[in-house]
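**Q** Give me the fold of what follows.
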Amino acid sequence: MDARNGGISASRTSVTLPTPTPTGNNSSGIVFDDKNGTVYGKVELQEDITIGEGESLTIGDGASLNTGSHEVIVNGGTLNGADKITGTVKYAPTITTQPQDVEVKENETATFTVEATGSDLSYRWQQSTDKGSSWTNIDSATSDTYTTGKTTMDMSGTQYRCVVTGYGTAAESDAATLTVSPKQYAVTVQTDGNGTASASTTAAAAGTEITLTATPDSGYHFERWEVVSGTITIQNDKFIMPAENVTVKAVFDRNSSGGGGSYSLSEGID
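**A** Have a look, this model is predicted:
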C-alpha cells in the first residue's frame, strides 16, 4: 500500500504498489509517515519513485524492493537498506568538495577541482567575468578538474564553477575566484670587488621603480653603474623594471689622494 497522496511527498505523482496493506501476515507495501517511507514485505515498483530533499525511504527488516522496469531515484533524500533492492537505483549528483580560490603569478596556470557523488556524472566548467552575474561554458572543460591556460593580469577576478549533471538533474558548485599577481623578475647587483652594492629589492614586477645603492671600500669612490643584462636605463641610481631579469654592476675607482669612505649616490654620477 502506498499511503501517500503522490510521489514520496504530496506534490509528486502517485505510485501504485501491491496490496494487501501491511497490517497482517504476508502483507507488503510502502507506508509513509509524512515524508518518511518504509517498505514492508516484497514490493515491486509500478512507477519510478524519487526521494527528494528532506525525504527518506527505508527497506524494513525482512523486506525487499524490486524496481522491475522502473527506478528508485535518490535526489537529495536518504535511502536506507539499498542492499535489499533488486534493480536500478540512481543517485542525483551531490557536490562533496567545492572548488577553491586560486592565486597564481602572471603566465602561470591555475587548476580548479570539484568532487561529486552520483550516477552517470558529467561535468561542465563555466566562467564569469562579472562577479557571477552571467556564466559562459568553457570549451572542452568536461572533467572534474579544469586547468586554465597561461594567465594574464586581465584574468584576475574571473570566477569559475562546475555544473555536475547526473540522471537528468544538475548541481552547481560554489564559485571559485582566480587572483593573478604580476610576475616578478630577478634583480642582481654585482661589484668589481672594490665596494658593496645592492638594490631596493631582489625581485620585482615589470614597471616597478628600483633604487640602487653603492658604497666604496676605503681608498675608492663609486665610478658608475654598468648594465650587464636587461633593457634598462639607469638615471639618478634608479631604473624601471622591465619584463625580464636584470643584472647591474657597480664599478669603483681608486682615489688619487688615497682617501675613502662612503659614497653619496647624489654626488658624482656620470
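**Q** ok, which stretches of this structure are helices?
**A** For the chain, applying DSSP state H gives no helices.
**Q** Okay, now the unreliable bits of it?
**A** 1-27, 258-270 (pLDDT under 70).
**Q** what sits against the closest residue to G230 other than its chain neighbours?
**A** Closest residue to G230 apart from its sequence neighbours, by Cβ to Cβ, 6 or more residues apart in numbering: V246 at 3.4 Å. (Glycine included, C-beta is placed from N, CA and C.) Counting by Cβ atoms under 8 Å, 6 or more residues apart in numbering, V246 touches Y185, A186, V187, T188, I210, V227, S229, G230, I232, F239.
**Q** Okay, and which of those residues map to strands?
**A** Y185, A186, V187, T188, I210, V227, S229, F239 (DSSP state E).
**Q** Dump those residues to a markdown table, plus neighbour count.
**A** Below are the ones in strands among the contacts of V246 laid out as a markdown table (neighbours: other Cβ atoms under 10 Å):
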| residue | neighbour count |
| --- | --- |
| Y185 | 17 |
| A186 | 13 |
| V187 | 23 |
| T188 | 15 |
| I210 | 19 |
| V227 | 14 |
| S229 | 11 |
| F239 | 23 |
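**Q** Nearest to T148 among these?
**A** Y185 (21.9 Å; Cβ to Cβ).
**Q** which residues does that closest one bridge with?
**A** A204 (DSSP bridges).
**Q** Start and end of stretch 237-252, how far apart?
**A** Start to finish, the residues bounding stretch 237-252 are 14 Å apart (Cα to Cα, to the nearest Å).
**Q** Return the distance of that stretch from the chain's centre.
**A** 38 Å (Cα atoms, centre = their mean, to the nearest Å).
**Q** Same question for it: list its buried residues.
**A** Using 16 or more other Cβ atoms under 10 Å as the test for burial, stretch 237-252 gives D237, F239, M241, V246, V248, K249, A250, V251, F252.
**Q** same thing with stretch 176-185?
**A** So stretch 176-185, judged by 16+ other Cβ under 10 Å, has buried residues A176, T177, L178, V180, P182, K183, Q184, Y185.
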